[in-house]
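A.B. asks: need a 3D model of the following:
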Amino acid sequence: MNVYDEYIKDVTKIGRFTMILGLIVSILPPAVMTWGFGFNPGIGAIIAGAISQISVSGAFYFSEPISYFPIVGRAGLYMGFLSGNLVNMRIPAAVSALEGSGYKSGTDEGAIMGTIGIGVSIWVGIIFLLLAVFAGQSVLSALPQSFTTMLSLIIPALFGGVFAQFAIKSPKAGIFAIAVAYIMTKAVAFIPGQPSFIVTLVSVFATIAFAKKQLSKQIDGK
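C.D. replies: Numbering: from 1, shown residues only. So this is what the prediction gives:
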């Protein structure tokens, strides 16, 4: 067993433990409110809320690990899912680390660079979160309205930047992804309840299938 395999073995042990610990900590507050203080909305409300949340983000359970694993590897997935903000903070940081290091996604070296990028973003996020908690509200209230309106464009800008970095490497796959997402967005509008998770599910797996087909053609042509 080489060094990287030993590293992954240790990552798996620690990652599973921290994910289970995170699950327990997440359940602890509502458990205390329910059995400690007697505040409970009722099983009907809990089931309704669970169904509502699953309908919105249930597709991410399947699409995100598959989409992000080549970029951040196993350790990055454990860290990203435990810390949160995977799409709008961790993945851009991991992509920047990959671009800066020169390693390719899908390789052992690339996975390590992606993990380092996520680790740095977590510490930076903690520092800025502490600053925002203690001074953020007073600073934001002093900013002009035009600036605070501009802040709402940060997440679309991050999505666009990450997409562009990968679309440049495979323009056909990028165009296909945009086309499928646009078509699915329009199609979902006609479905009762407008289940938006279908857009993500179809777009991710359809683009993976398209990119795989393109890669097969390139390999066969050599």
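A.B. asks: tell me which helix or strand Tyr78 sits in.
C.D. replies: helix 60-83 (DSSP states H and E).
A.B. asks: make that Ser96, sorry
C.D. replies: helix 91-101.
A.B. asks: can you tell me how far Val87 is from Ser63?
C.D. replies: 11 Å (C-beta to C-beta, to the nearest Å). To be clear about C-beta, it is placed using only N, CA and C from the backbone, and glycine gets the same treatment.
A.B. asks: roughly how far is the helix ranked longest in the chain from the heart of the chain?
C.D. replies: The longest helix of the chain (DSSP state H) is helix 3-31. Relative to its parent chain, helix 3-31 has a centroid offset of 18 Å by C-alpha atoms, centre = their mean, to the nearest Å.
A.B. asks: rewinding a little: what residues of the helix holding Tyr78 count as buried?
C.D. replies: For helix 60-83, burial by neighbour count (16 or more other C-beta atoms under 10 Å) applies to 60, 63-64, 67-69, 71-81, 83.
A.B. asks: tell me the domain ranges of this structure?
C.D. replies: Taking the TED database as the criterion, the chain consists of the domains 1-142, 146-221.
A.B. asks: tell me which of these sits most buried.
C.D. replies: domain 1-142 (a mean of 15; mean count of other C-beta atoms under 10 Å).
A.B. asks: surely Asn40 meets Thr34?
C.D. replies: Yes: counting by C-beta atoms under 8 Å, Thr34 is a contact partner of Asn40 at 4.8 Å.
A.B. asks: pLDDT weak spots in this protein?
C.D. replies: Applying pLDDT under 70 to the chain flags the ranges 1, 52, 55-56, 136-137, 140, 220-222.
A.B. asks: element containing Lys169, please.
C.D. replies: Residue-wise, Lys169 maps onto no helix or strand under DSSP H and E.
A.B. asks: phi, psi of it?
C.D. replies: Taking degrees, to the nearest 10, you get phi -70, psi -30 for the backbone angles of Lys169.
A.B. asks: send the alpha carbons of the strand or helix carrying Tyr182 over as CSV?
C.D. replies: Using DSSP H and E, Tyr182 sits within helix 171-188. Taking Å, rounded to 0.1, in the frame of the first residue of the first chain, the C-alpha atoms of helix 171-188 are listed here in CSV:
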residue,chain,number,x,y,z
PRO,A,171,-16.6,24.1,-24.9
LYS,A,172,-18.9,21.5,-26.3
ALA,A,173,-19.8,20.1,-22.9
GLY,A,174,-20.2,23.7,-21.6
ILE,A,175,-22.7,24.6,-24.3
PHE,A,176,-24.5,21.3,-23.8
ALA,A,177,-24.8,21.9,-20.1
ILE,A,178,-26.2,25.4,-20.6
ALA,A,179,-28.7,24.1,-23.2
VAL,A,180,-29.9,21.3,-21.0
ALA,A,181,-30.2,23.5,-17.9
TYR,A,182,-32.2,26.1,-19.9
ILE,A,183,-34.5,23.5,-21.4
MET,A,184,-35.1,21.8,-18.1
THR,A,185,-35.8,25.2,-16.4
LYS,A,186,-38.5,25.9,-18.9
ALA,A,187,-39.9,22.3,-18.8
VAL,A,188,-40.1,22.3,-15.0
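A.B. asks: continuing past that helix, what's the next helix or strand?
C.D. replies: Per DSSP H and E, the helix or strand that comes after helix 171-188 is helix 197-221.
A.B. asks: okay, Leu212 and Ser170: tell me how far apart.
C.D. replies: No Leu there; residue 212 is Lys. Taking C-beta to C-beta, one finds Lys212 at 11 Å from Ser170.
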